[in-house]
Structures are given as C-alpha cells and as structure tokens.
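Visitor: structure for this input, please:
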Amino acid sequence: MAPQLLLLGLFINLLIFTDTQAQQIGVCNGRLGDNLPSEEETVNFYQRNGITRMRIYDPNPATLRALQRTNIELILDVPNIELESLTNPSNARTWVQNHIQNYPEVNFRYIAVGNEVDPNPMKYNSRFVDFVLPAMRNVHRAIVDARLDNQIKVSTATYSALLANTYPPSEGVFHLNAINFTKPIIAFLAQNNLPMLANIYPYFACRGSADVNLQYSLFTSGPLVPDKDLMYSNLFDAMYDAHYAAQARLGGENVEIVVSESGWPSAGHRVATPQNAGTYYRKLIEHVKEGKGTPARPGRYIEVYLFAMFDENLKDLDGDDGERNFGLFKPDEGSKYQLGF
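Guide: Got it, this is the predicted structure:
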C-alpha cells in the first residue's frame with residue numbers, strides 16, 4: 001500500500017501544481033472600444049478560453065453582474081478621477097458597499113486604488129498624487145470593517161517610469177521625485193501584508209531606446225546580461241527584479257509584486273508587429289508557467305495579467321496607434337496569436 005499511497009500523493013501534488021500554474025496568468029479587460037463584445041459575452045469568452053483572472057479599470061456594473069457565480073478572480077480599479085472623493089472615509093465605505101459588498105458572488109482579489117499615478121509634474125496623472133495613499137487607507141479600512149480583508153487585498157498600480165534606473169536590476173531605484181510618493185505607500189503595504197501592483201512593459205523600453213535588444217525583450221536569443229553573480233536572459237525578469245530592488249531600498253523588500261499589466265502591440269511602431277507580439281505573449285506565458293521565478297527571486301511564481309483581451313479602437317494614441325493594438329483577440333473574438341492558457 002505504501003507505494004500506492006506515495007503515487008497518489010504525487011498525483012495530488014501534480015494536480016495542485018498544475019492548477020497553480022494555470023492561475024498565475026490573468027488578462028486585462030479594457031472597454032475603450034465601440035465594437036467590443038458585450039460585458040456578458042466577454043465574461044463568457046474568458047471562461048471558454050480557460051482564463052480565470054481578470055482586471056477591469058472601473059466598477060462596470062454589467063461586468064460585475066456577469067462575473068457573479070463564475071470562477072474568475074478580479075482586480076477592480078478605482079479610477080484616478082475618483083481618488084479625491086475616497087479621501088473621505090464615508091465615501092470610501094459607500095464605494096466598497098456599492099461596488100464590492102453589493103456583489104457578494106464576485107471573486108474579488110485585489111483593489112487597485114489608482115493606476116500609474118506619477119509625481120512627475122509633466123505627467124497628466126501627477127494631479128492625483130496627494131490622493132492615492134489616503135484613498136488606499138480608507139478603502140482598506142472599509143474592506144477590513146466589512147470582514148473581507150482575508151479575501152481582498154488593497155493596493156495601487158505603479159509602473160516602470162517611476163524608476164530612475166533598472167540596469168543592472170540590483171541597482172533599481174526610484175526617481176528622486178517619486179521617493180516621497182512611493183515610500184509611504186510601500187510602508188503601508190508592508191505594514192498590512194499587501195502586495196504592490198506593477199505594470200511592466202519591455203515593449204516600451206524597446207520602443208524608447210535603440211540600445212535595448214529586441215530579442216532580449218522577446219525572451220528569445222538575446223544576450224545574457226550580467227548583474228554581479230547573476231545572469232539575465234530577458235528584459236522582463238530584469239525589470240521585475242529592478243522593481244523589487246527599488247522597493248527594498250524604501251523598506252519594501254518583503255512586499256510582493258503582482259504584474260498587473262504586461263503586453264506587446266501588433267501595430268504602431270517598427271517593433272510592434274504581429275510576429276513580435278505573438279512571440280512576447282507566448283514566451284511570457286511559458287515563462288510564468290515554468291515557475292522558475294527570476295534570477296534574483298528563483299523558484300517563485302510570478303502572477304501576471306496580460307494586456308489586454310481585445311484591441312481597443314477608442315484608446316488615446318500616445319503618439320502612435322500602438323495603444324489600440326494590444327489585444328490578444330480581435331473585437332470579433334478572432335484570435336491573433338493562438339495562445340494557450
């Protein structure tokens with residue numbers, strides 16, 4: 001019986017391991033298009049493709065209703081424009097009641113209180129800087145008071161533009177003008193055992209500099225990049241570990257990082273081609289499913305949300321039309337890359 005029990009135990013562990021791998025990958029559900037499937041059809045499409053994690057950028061009631069009684073776990077954003085209101089604790093409690101407690105059959109996972117707020121005065125989102133941490137505190141308190149804190153984690157979504165240096169990864173550090181903004185947020189997350197959400201895009205690094213190797217960005221045959229006694233074979237790992245290094249310098253070495261966005265567009269720049277985009281998404285999915293972690297954090301699973309489900313024809317162009325072409329699928333639900341989730 002002992003060998004049979006051993007085999008049974010190994011089989012159960014394999015099932016758990018495989019399930020954990022599958023659940024590491026989510027897909028962001030942007031709605032900035034006038035030709036997209038309905039919210040209900042979109043949720044059904046997630047289920048048909050075996051995608052069990054989603055991020056949405058506002059508390060869209062139709063999407064929340066469609067997510068009820070499904071196995072899809074959700075990142076729900078507080079839009080930047082609502083942050084100032086939530087610095088009032090009463091408003092935060094009302095927000096949580098209306099958009100979370102009123103949907104008890106939705107599997108909320110994270111609340112992203114603001115997205116890519118940047119203290120750089122040249123950035124449009126800099127006007128929200130003073131509201132992020134007070135809103136996070138109030139939303140977290142409302143979640144705790146509702147006894148949902150064991151299920152739902154409050155955070156904010158930062159991005160790589162706040163880092164002054166990402167090379168080598170161990171030298172990752174925040175811009176001077178971002179330290180006063182990020183340090184108290186990191187302290188709040190650490191104190192409450194909450195994760196940091198981070199949008200990480202090798203595409204933008206590759207687009208922005210001719211010195212960034214395309215193959216290194218695409219997980220293919222790029223150079224091995226040394227960092228002390230470590231070697232990096234892809235830019236995603238380097239950027240991810242640079243975020244951790246920057247956090248550690250501000251007391252956040254134990255704050256988990258969830259990659260709340262990562263993607264590659266199929267048009268809009270010379271490196272934004274269907275072939276490159278397909279390669280990036282396939283290689284990133286494979287990399288996450290392997291569960292090997294990164295050079296600085298080996299053996300740790302990375303939770304990643306791919307951006308995005310569909311091309312969005314109403315997104316801001318940001319200098320080119322790449323922003324409108326990040327979809328894994330076309331608005332008619334046709335697959336662009338034949339990905340396996």
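
Visitor: from here on, contacts and neighbour counts on C-alpha atoms
Guide: OK.

Visitor: where does the residue nearest to the spatial centre of the chain land on pLDDT?
Guide: In the chain, the residue lying closest to the centroid (C-alpha atoms, centre = their mean) is Ser260, at 0.6 Å. At Ser260 the predicted local confidence, pLDDT, stands at 98.

Visitor: hang on, it in a strand?
Guide: Yes - looking at Ser260 with DSSP: H, G, I helix; E, B strand; the rest coil, it is inside a strand.

Visitor: quick check: it touching Ile302?
Guide: No - with contact defined as C-alpha atoms under 8 Å, Ser260 does not count as touching Ile302 (10.7 Å).

Visitor: before we move on, the earlier item: so who does the residue nearest to the centre of the chain touch?
Guide: 55, 157, 197-200, 304-306 (C-alpha atoms under 8 Å, 6 or more residues apart in numbering).

Visitor: any idea how far Gly172 is from it?
Guide: Spatial separation of Ser260 from Gly172 under the definition C-alpha to C-alpha, to the nearest Å is 19 Å.

Visitor: likewise Leu76?
Guide: Leu76 sits 28 Å away from Gly172, going by C-alpha to C-alpha.

Visitor: which one (most neighbours) among the contacts of Ser260?
Guide: For the contacts of Ser260, counting by other C-alpha atoms under 10 Å, the largest number of neighbours falls to Arg55: 28 neighbours.

Visitor: walk me through which strands the strand or helix carrying that residue pairs with, and which way each runs.
Guide: Element membership of Arg55, judged by DSSP states H and E, is strand 53-56. According to DSSP bridges, strand 53-56 forms sheet pairs with strand 25-28 (parallel), strand 73-78 (parallel).

Visitor: and Tyr124, how many residues sit next to it?
Guide: Residue neighbour count, defined by other C-alpha under 10 Å, stands at 11 for Tyr124.

Visitor: any chance of the strands paired with strand 53-56 in a markdown table, plus mean pLDDT?
Guide: Supplementary listing: the strands paired with strand 53-56 in a markdown table, determined by pLDDT from 0 to 100:
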| stretch | mean pLDDT |
| --- | --- |
| strand 25-28 | 97 |
| strand 73-78 | 98 |
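
Visitor: right, and those - which one's nearest Glu84?
Guide: strand 73-78 (10.7 Å; C-alpha to C-alpha).

Visitor: what sits against the closest residue to Val173 other than its chain neighbours?
Guide: The spatially closest residue to Val173, leaving aside those adjacent along the chain, is Ala246, at 4.1 Å (C-alpha to C-alpha, 6 or more residues apart in numbering). By C-alpha under 8 Å, 6+ apart, Ala246 lies in contact with 163, 171-174.

Visitor: in what helix or strand does Ala246 lie?
Guide: Secondary structure here is read from DSSP H and E; on that basis Ala246 sits in helix 235-248.

Visitor: what pLDDT, on average, does that helix get?
Guide: 98.

Visitor: repeat for stretch 90-106
Guide: Rounded mean pLDDT across stretch 90-106 is 98.

Visitor: swap in stretch 269-287?
Guide: pLDDT averaged over stretch 269-287 gives 96.

Visitor: roughly how far out does it sit from the chain middle?
Guide: Taking the mean of its C-alpha atoms, stretch 269-287 sits 17 Å from the chain's own mean (C-alpha atoms, centre = their mean, to the nearest Å).
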